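Q: Would you be able to build a 3D model of this:
(one chain, ligands or ions: 1)
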Amino acid sequence: MTITQEKTLAQQVRAEFPILQQSVNGKPLVYLDNAATSQKPLLVLNTLRNYYEQYNSNVHRGVHTLSGLATDAYEGARIKIAKFINAASPQEIIYTRNATEAINLVAYAWGLINLQPGDEVILSVMEHHSNLVPWQLVTKTTGAVLKFVELTPDEDFNLEQFKQLVSNKTKLVGVVHVSNTLGCINPVKEICNLAHHYGAKVLIDACQSVPHLPIDVQAIDCDWLVASGHKMCGPTGIGFLYGKLDLLRSMPPFMGGGEMIADVFLENSTYADLPHKFEAGTPAIAEAIALGAAVDYLSGIGMDKIHAYEEELTTYLYEQLQQIPEIRVYGPSPSKGRAALAAFTAGDVHPHDLSTILDQAGVAIRAGHHCTQPLHRYLKVQSTARASLYFYNTREEIDVFITALKEAVEFFGSIFG
Ligand code: 7TS
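A: Residues are numbered from 1 along each chain as shown. A predicted model of the protein is given here:
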C-alpha cells in the first residue's frame, strides 16, 4: 500500500468521527490513546440515538411491536459479531459488559468446577490484569497452580518456553493475542495446537486484536475468545465472549436471574439454551445493537485494509521514536510483526510528566502501567508512556506527537541534565 492510499483511508473516515474535529488546549486534538478506548463513528452514535428515539423496549419479553424490533436488532447484532470473527454459530457469542466480565465468566463458570488441586493454568507475564486476577482468585479456591510464560530477549512471547511448560497437567492456557503494552502479536494458533495436544483449553484475550486484525476463531481453534466493544468503535458497557458451542453447553450459568431460565420453581430452575443461559437480567440492549453497527462499520472498511494501513503507520511511529536517542520503546521491532501501539520511556522523565506536556500540545497519550503491572515489574520499569493508533490516525498526527515529544524530552533534559 502506498503512502497516498494510507492517507486516503484516514482522510476518508475522519469526518465520520465528530470528536476528532475539536481542539484541546487550543491545538487540534491528536488522539493516540486508542488502546484504552477507540472513538465512535456517526453510524454508531446514530444507532444509539435511533434505538432510544424509535424502538427502546425490553428484549425477549413482550409480543408488542417495539419489543419485537428491539429483539430483532439485539439478536441481529449477535449474528454480525459471529460473522465478524467467523464463529460457527451466533449461539457461540455471549454478550458481556466487557472483556473483563467475559474472562470472569470463564474463570467462574468453567474454572471453579474443572480445576483440581495440582492442575496447572498457564498465563503469560504480559497479561492485562483482567486475565490475571480472575485466575488468581479461581486457582486459590481450587488449589490449581499458576505458571507463566516469560519473554524472549527481544521482548516477544517466548514460544519455546511455552513448549517446555505445557504438559498433561495443563488444564487451561490464557494468553493475550496482542499485548496492550509490548504490541507483539502472539502465535495464538500454534499455542492452541500445542495446548490441545495435552487436552488443555485455551482462552484468547483478543481485546487489542479484534479491533485491528481480521480474526477467524475457527482457524485459530481457540476454546474461548474475549473482546470489548469500546475498543472497536462500539460503545462502552458491551463486550463479548466467544466459546465453542459444546464447551459453553457444558458450563453452568455464571449469574442467575431473569432471561437465563427455561422454568423456575421455588427450589430449583432449568436454564435457557445458549446464548441466553449466560445473559441474566436486562442486557445492554442499545449498546449491543450499536456494537453490531460498529461491526458493520469496520467490515465496510475491511479488516485487511485496516490492518495493512495500521502496519505502515506503526512502522512510521516506531521509526520516528527510534530517532530520539533518549527514547526506549518496549516490545519487538515492527519487522517481527507489531500492532499499532508503542509503550516507551524517555530516560528519567516520568511518563505522567510527558503525558501532561503532550496534552498541552493537544496530544492524548496514556501514561502508567496500563494494567500490566507484573509486565512492568518484569521489564524493571515502574511505568511507561504509550501512544496507540487506530485507522483514523494520520502520519501528520504522528509528526505532531513526535515534535511535541522531542520538545518535552529537551525541556526535561535541560532541567535534569
Ligand atoms: N485485555 C487487554 C489486552 C486490554 O488491553 C484491556 C484493556 C483489557 C483486557 C480489559 O478491557 P476492559 O474493556 O474489560 O476493561 N486495556 C486498556 C488499556 O490498555 N488502557 O486502558 C484499558
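Q: Let's see stretch 208-218 as CSV, backbone CA atoms only.
A: As requested, C-alpha coordinates have been extracted for stretch 208-218 and formatted as CSV (Å, rounded to 0.1, in the frame of the first residue of the first chain):
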residue,chain,number,x,y,z
GLN,A,208,-6.3,-5.5,21.2
SER,A,209,-6.6,-7.7,18.2
VAL,A,210,-10.3,-7.8,17.2
PRO,A,211,-10.4,-4.1,16.6
HIS,A,212,-7.3,-4.2,14.4
LEU,A,213,-6.8,-7.6,12.6
PRO,A,214,-9.0,-10.0,10.7
ILE,A,215,-10.0,-12.7,13.3
ASP,A,216,-11.1,-16.2,12.5
VAL,A,217,-11.9,-18.2,15.7
GLN,A,218,-12.3,-21.4,13.7
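Q: buried stuff in stretch 62-72?
A: Residues 67, 69-71 are the ones in stretch 62-72 that count as buried (16 or more other CB atoms under 10 Å). Just so you know, the C-beta spots here come from the backbone N, C-alpha and C atoms, and that holds for glycine as well.
Q: Need these in JSON lines (columns: distance to the ligand and secondary structure).
A: As requested, the buried residues of stretch 62-72 are exported to JSON lines (distance: CB to the nearest ligand atom, whole Å; DSSP: H, G, I helix; E, B strand; the rest coil):
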{"residue": "67", "distance to the ligand": "29", "secondary structure": "helix"}
{"residue": "69", "distance to the ligand": "28", "secondary structure": "helix"}
{"residue": "70", "distance to the ligand": "24", "secondary structure": "helix"}
{"residue": "71", "distance to the ligand": "26", "secondary structure": "helix"}
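Q: with those in mind, which one is nearest to residue 229?
A: In terms of CB to CB, no member of the buried residues of stretch 62-72 lies closer to residue 229 than residue 70, at 17.6 Å.
Q: what about the residue nearest to the closest one when sequence neighbours are not counted, distance to residue 73?
A: Computed as CB to CB, 6 or more residues apart in numbering, the closest residue to residue 70 that is not its neighbour in sequence is residue 57, at 4.3 Å. Residue 57 sits 10 Å away from residue 73 when distances are taken as CB to CB, to the nearest Å.
Q: Neighbour count: those two, which is higher?
A: Neighbours of residue 57 and residue 73, each counted by other CB atoms under 10 Å, are more numerous for residue 73; the result is 21 against 17.
Q: element containing that one?
A: helix 65-84 (DSSP states H and E).
Q: Show me what that helix is in contact with.
A: 51, 54-62, 87, 89-90, 92-93, 95, 210, 215, 240, 275, 283, 285, 288-289, 291-293, 295-296, 298-299 (CB atoms under 8 Å, 6 or more residues apart in numbering).
Q: Stretch 357-376 near the ligand at all?
A: Yes - interface with the ligand: stretch 357-376 contributes 366, 370-371 (CB under 6 Å from any ligand atom).
Q: Could you dump those into CSV with neighbour count, pLDDT and distance to residue 112 added?
A: Compiled in CSV, these are given as follows (neighbours: other CB atoms under 10 Å; pLDDT from 0 to 100; distance: CB to CB, whole Å):
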residue, neighbour count, pLDDT, distance to residue 112
366, 21, 97, 34
370, 23, 96, 29
371, 17, 97, 24
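Q: Can you tell me which of these is closest to the ligand?
A: Proximity of those to the ligand (CB to the nearest ligand atom) peaks at residue 370, which lies at 4.5 Å.
Q: And what about the closest one, helix, strand or coil?
A: Three states are possible here, and by DSSP: H, G, I helix; E, B strand; the rest coil the one that applies to residue 370 is coil.
Q: Now do the same contact list for the residue nearest to residue 70.
A: Contacts here follow CB under 8 Å, 6+ apart; on that basis residue 57 touches 64, 66-67, 69-70.
Q: who's in contact with the helix or strand following the helix holding residue 73?
A: For helix 65-84, the succeeding helix or strand toward the C-terminus, using DSSP H and E, is strand 93-96. Strand 93-96 is contacted from outside by 78, 81-82, 87, 102, 105, 226, 238-243, 248, 274-275, 278-279, 283-284, 288, using CB under 8 Å, 6+ apart.
Q: hmm, try it at 6 Å
A: Contacts to strand 93-96, defined as CB atoms under 6 Å, 6 or more residues apart in numbering, come from residues 78, 81-82, 102, 239-242, 275, 278-279, 283, 288.
Q: Those residues into TSV, with extra columns for neighbour count?
A: As requested, the contacts of strand 93-96 are arranged in TSV below (neighbours: other CB atoms under 10 Å):
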residue	neighbour count
78	23
81	26
82	21
102	31
239	29
240	32
241	26
242	27
275	23
278	24
279	25
283	20
288	29
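Q: Narrow those to those in strands?
A: Among the contacts of strand 93-96, the ones falling in strands (DSSP state E) are 239-242.
Q: now these as JSON lines including pLDDT and distance to residue 167?
A: Output for these, formatted as JSON lines (pLDDT from 0 to 100; distance: CB to CB, whole Å):
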{"residue": "239", "pLDDT": "98", "distance to residue 167": "32"}
{"residue": "240", "pLDDT": "98", "distance to residue 167": "31"}
{"residue": "241", "pLDDT": "98", "distance to residue 167": "27"}
{"residue": "242", "pLDDT": "99", "distance to residue 167": "26"}
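Q: from the residues you listed, which single one is nearest the ligand?
A: Using CB to the nearest ligand atom, residue 239 comes nearest to the ligand of these, at 6.1 Å.
Q: can you pull the contacts of the closest one?
A: When the contact criterion is CB under 6 Å, 6+ apart, the partners of residue 239 are 96, 98-99, 102, 227-229.
Q: Apply 7 Å and report the result again.
A: With contacts defined as CB atoms under 7 Å, 6 or more residues apart in numbering, the neighbours of residue 239 are 96-99, 101-102, 226-229.
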